[in-house]
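Undergrad: Next input, structure requested:
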Amino acid sequence: MQNKILKLLYNSEDYISGQQMSESLGVSRQAVNKAVKSLRDKGFGIESVTKKGYILKSVPTQLCEEAVKLFLRTKIVGKELKVLETVGSTNDYLKELGYKGAETGTVIIAREQTAGKGRLGRVWQTKKDDGIALSLLLRPELSPAEISSITPLSGLAMCKAINDFCMLDSRIKWPNDVIVGKKKLVGILTEMAAEFDRVDFTVTGIGINVEHTVFPDEIAHKATSVLLETGRHINQNKFVATVLNYLEQELIMNRYRLNGTTVSDYQNLCATIGRQVTFARGKRNISGMAVSINNNGELEVMLSNGTIATVNSGEVTVQGIY
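TA: Okay, here's the model as predicted:
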């Protein structure tokens, strides 16, 4: 009901009477008034004038389920969407929903995350409204060996969304970070529930630094935020909707696979390509020049002897970044 009323108001350039909304939606005037009151309580600036009706003057800038949905242009991603005030981990929360049958495209967003996690067991915390923590559940009809493209496609979508909405020159640091300059703006972690030959579902968690002005000492040299980079406060609802729109475009439209176009897009936005990198093989550290990304999302590194090593996981140090 609230979402339908919002769309009526958002798409109207003039006042809409309560009677018009009542007839359009097939509900009582009392139901309309109740929904408008609830939307106002959530921060929507809905003005009412006697004998004219209602008009939408503003939407909340902080995360709100109805506001995110207002700006969504997707068919699958975010069809089921919930914004939580606080959560331990959006990935853990969504995995529980996945085991209970949550449909593909379900999205969980949190204003505060107290026990988030990054790769290699690192902690990823989101102070309330400083950052955006979101997780996306997908049910691709793929084997476990075929889902390696989900993280790079998610990184590509994030990079495009940030550059589009925030007008920044963000880049991808393979395999799962988005950076501005030499500092991290976004972290991505994909987990899956699978049987031997079939993926039940994947959950991709994305943590975005938005309003941070300071960071803990141990990461201050390598972390940044949208606010620090742009000097502006963004509407988080419009931004999240842009992110979800791009995630659908890159993941769903490409059927969860990298192809010639997406590999080219990725490489053009990848800060790792053309730099010296170091990675572990067994107990040895090996260095070489990152030269490309293949269709499996793996990093191809040219070694000093001219051979190409393929890196598909693990920690990679990129010269000049972190």
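Undergrad: Please report how far residue 240 lies from residue 298.
TA: Going from residue 240 to residue 298 by C-beta to C-beta, to the nearest Å gives 30 Å. Glycine gets a C-beta too; all of them are placed from N, C-alpha and C.
Undergrad: go on, residue 114?
TA: 34 Å.
Undergrad: if we can go back for a sec, and residue 240 and residue 298? Which one has more around it.
TA: residue 240 (28 against 19; other C-beta atoms under 10 Å).
Undergrad: Wait, that one touches residue 134, no?
TA: Yes - using C-beta atoms under 8 Å, residue 240 makes contact with residue 134 at a distance of 6.7 Å.
Undergrad: Span of stretch 274-287 from start to end?
TA: 13 Å (C-alpha to C-alpha, to the nearest Å).
Undergrad: now do stretch 10-19
TA: Termini of stretch 10-19 sit 17 Å apart (C-alpha to C-alpha).
Undergrad: which of the residues in that stretch are buried?
TA: By 16 or more other C-beta atoms under 10 Å, the buried positions in stretch 10-19 come out as 15, 16, 18.
Undergrad: Report how many residues lie close to residue 105.
TA: 22.
Undergrad: what pLDDT does it get?
TA: As predicted, residue 105 sits at a pLDDT of 98.
Undergrad: which ones are touching the spatially closest residue to residue 269 that is not a sequence neighbour?
TA: Among residues not flanking residue 269 along the chain, residue 159 sits closest, at 4.9 Å (C-beta to C-beta, 6 or more residues apart in numbering). By C-beta atoms under 8 Å, 6 or more residues apart in numbering, residue 159 lies in contact with 170, 171, 172, 178, 269.
Undergrad: what kind of secondary structure is the fourth one in?
TA: Using DSSP: H, G, I helix; E, B strand; the rest coil as the criterion, the local structure at residue 178 reads strand.
Undergrad: Please name the nearest non-neighbouring residue to it.
TA: Using C-beta to C-beta, 6+ apart, the nearest residue to residue 178 is residue 186, at 3.7 Å.
Undergrad: Which of the buried residues of stretch 10-19 fall within helices?
TA: residue 18 (DSSP state H).
Undergrad: closest to residue 155 among the buried residues of stretch 10-19?
TA: Using C-beta to C-beta, residue 16 is the member of the buried residues of stretch 10-19 that sits closest to residue 155, with 41.5 Å.
Undergrad: correct me, but that closest one touches residue 9?
TA: Yes - with contact defined as C-beta under 8 Å, residue 16 reaches residue 9; the gap is 6.4 Å.
Undergrad: Next, count neighbours for residue 231.
TA: 7.
Undergrad: Could you report the separation of it from residue 56?
TA: Distance from residue 231 to residue 56, by C-beta to C-beta: 28 Å.
Undergrad: Figure out the helix or strand that the nearest residue to residue 150 once chain neighbours are set aside lives in.
TA: What sits nearest to residue 150 in space, not counting adjacent residues and going by C-beta to C-beta, 6+ apart, is residue 190, at 5.2 Å. In this assignment (DSSP states H and E), residue 190 forms part of strand 183-194.
Undergrad: likewise residue 153?
TA: Going by DSSP H and E, residue 153 is in helix 150-165.
Undergrad: how many degrees apart are that helix and strand 183-194 in direction?
TA: Interaxial angle of helix 150-165 relative to strand 183-194 (axes from the mean of the first three to the mean of the last three C-alpha atoms, to 10 degrees): 140 degrees.
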